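Undergrad: Mind folding the following:
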Amino acid sequence: MRLMKKALLAGALAVLSVTTLSATLTPAHAADVKIGFVVKQPEEPWFQDEWKFADQAAREKGFTLVKIGAEDGEKLMSAIDNLGAQGAQGFIVCTPDVKLGPGIVAKAAANDLKVMTVDDRLVGADGKPLADVPHMGISATKIGETVGKAIVDEMKARGWKPEEVGAIRVSYDQLPTAVDRVEGAISVLKANGFAASNIFDAPQAKTDTEAALNAATVVLNKHADIKKWVAFGLNDEAVLGAVRASESVGIPAANMIGVGIGGADSAINEFKKPAATGFVGSVIISPKRHGYETALNMYSWIADGKEPEKLILTSGALAKRDDYQQVRKDLGIE
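TA: The predicted structure is shown next:
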């Protein structure tokens, strides 16, 4: 009997030891994890979608997601302090200005917050990327090349000659990603016989449709002798602005080829219109990866100590009026 009691006691102690060890090794409870997701233009559909998919990750894992819009550097720095005061452990950010990189990193460190970036990569004082900050971005040049190819293919399908066509480069050159996208498109156009003299810059004050419309209207009015046009830019909104501008000066849809980037709701609504417009396609980038996957990566970093890859670049797929639903489904958006 005494031997049996000793055996039972030993067994109980062994179980207790294992349980204690397991508790020691268990990562942070999901309910204790709080993650910020800060974006520069919270009203834009792309960022709304990123938040939606980040919310999905939060529901699945049980952590708290704090969504913050920070349209300028001052608001961003205040947001980081706010997250620190709330007891957050990390945040994902798409900054309003990539040159704020060193300040963002310092502010995150001061608040004991892990930081990773999405969409736009931080740069240092020398203009080079901050390689130590994990980043999920877009292969901007490749996506631009996809836009260029889509335009060239559509021109060929319509029997257009490059020398008779004008190209509107809706530009936002203060953002490196924007430059890479439009230059990727231009490289394909030039490789297919497009003359540099037929490519016209339309600098926009903001990255929205209205600013693009205003910029493109100036180009179209200045070169009224050109009757056929193509347009490309940073995003769908930039190209939709150019398309709206072409409509306002009387250019028919048959004489405009606009290919955007992003697959935003504004692009999908354009495809749904009863009659086709000059907006013929969009290279859809998956906001699911940029929202859902970055949120999961940050959670794993906080809860499990698994640091994300330093650089992940995503690509896109061309969607047109007749196949956008299937493309969205293939990308996990629908």
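Undergrad: make it CA atoms for all contacts and neighbour counts henceforth
TA: Will do.
Undergrad: which regions of this structure lie under the pLDDT threshold?
TA: Applying pLDDT under 70 to the chain flags residues 1-28, 334.
Undergrad: how close does the nearest residue to residue 198 once chain neighbours are set aside get to residue 32?
TA: Sequence neighbours aside, residue 166 is the residue nearest to residue 198 in space, at 5.1 Å (criterion: CA to CA, 6 or more residues apart in numbering). Using CA to CA, to the nearest Å, residue 166 is found at 56 Å from residue 32.
Undergrad: which of the two has more neighbours?
TA: residue 166 (25 against 13; other CA atoms under 10 Å).
Undergrad: So what pairs up with the residue nearest in space to the middle of the chain in the strands?
TA: Centroid-nearest residue in the chain, with CA atoms, centre = their mean: residue 119, separated by 4.2 Å. When assigned by DSSP bridges, residue 119 has beta-bridge partners residue 137.
Undergrad: re earlier: the residue nearest to residue 198 - that's part of a helix, no?
TA: No: under DSSP: H, G, I helix; E, B strand; the rest coil, residue 166 sits outside any helix and is assigned strand.
Undergrad: Number the chain from 40, please
TA: Sounds good: first residue 40 from here, last item residue 205.
Undergrad: so what's it up against?
TA: Contact partners of residue 205, counting by CA atoms under 8 Å, 6 or more residues apart in numbering, are 237-239, 265-269.
Undergrad: give me that answer again for 7 Å
TA: 237-238, 265, 267-269 (CA atoms under 7 Å, 6 or more residues apart in numbering).
Undergrad: again, but for residue 101
TA: 69-70.
Undergrad: Quick check: the gap between it and residue 129.
TA: 15 Å.
Undergrad: what does residue 71 give?
TA: 12 Å.
Undergrad: Repeat that for residue 332.
TA: With CA to CA as the criterion, residue 332 and residue 129 are 15 Å apart.
Undergrad: Looking at those two now, which is surrounded by more residues?
TA: residue 129 (24 against 17).
Undergrad: Helices of this protein, start to end?
TA: Ranges of helices in the chain, per DSSP state H, are 41-64, 84-100, 112-125, 140-149, 179-197, 215-230, 248-261, 275-287, 304-311, 326-327, 333-343, 363-369.
Undergrad: can you list contacts of stretch 169-189?
TA: Outside stretch 169-189, the residues touching it (CA under 7 Å, 6+ apart) are 154-163, 216, 219-225, 227-228, 298, 322, 329, 347-355.
Undergrad: do the same with stretch 295-307
TA: Under CA under 7 Å, 6+ apart, the answer for stretch 295-307 is 84-85, 186, 190, 267-275, 278, 282, 317-324.
Undergrad: What is the burial count for the nearest residue to residue 286 once chain neighbours are set aside?
TA: In space, and not counting its chain neighbours, residue 286 is closest to residue 292: 7.6 Å by CA to CA, 6+ apart. Number of residues near residue 292 (other CA under 10 Å) recorded here: 19.
Undergrad: cool, residue 82 as well?
TA: Neighbours around residue 82, by other CA under 10 Å: 10.
Undergrad: Run a quick neighbour tally on residue 364.
TA: 14.
Undergrad: how about residue 347, what does it touch?
TA: 173, 336, 340.
Undergrad: Which residue is the nearest non-sequential neighbour of the first one?
TA: If the residues on either side of it in the chain are set aside, residue 173 comes closest to residue 349, at 4.1 Å by CA to CA, 6+ apart.
Undergrad: Quick one: neighbours of the one you found, just the number.
TA: Counted with other CA under 10 Å, residue 349 comes out at 14.
Undergrad: Repeat that for the one 5 residues further on.
TA: Residue 354 is surrounded by 16 other residues when neighbours are defined as other CA under 10 Å.
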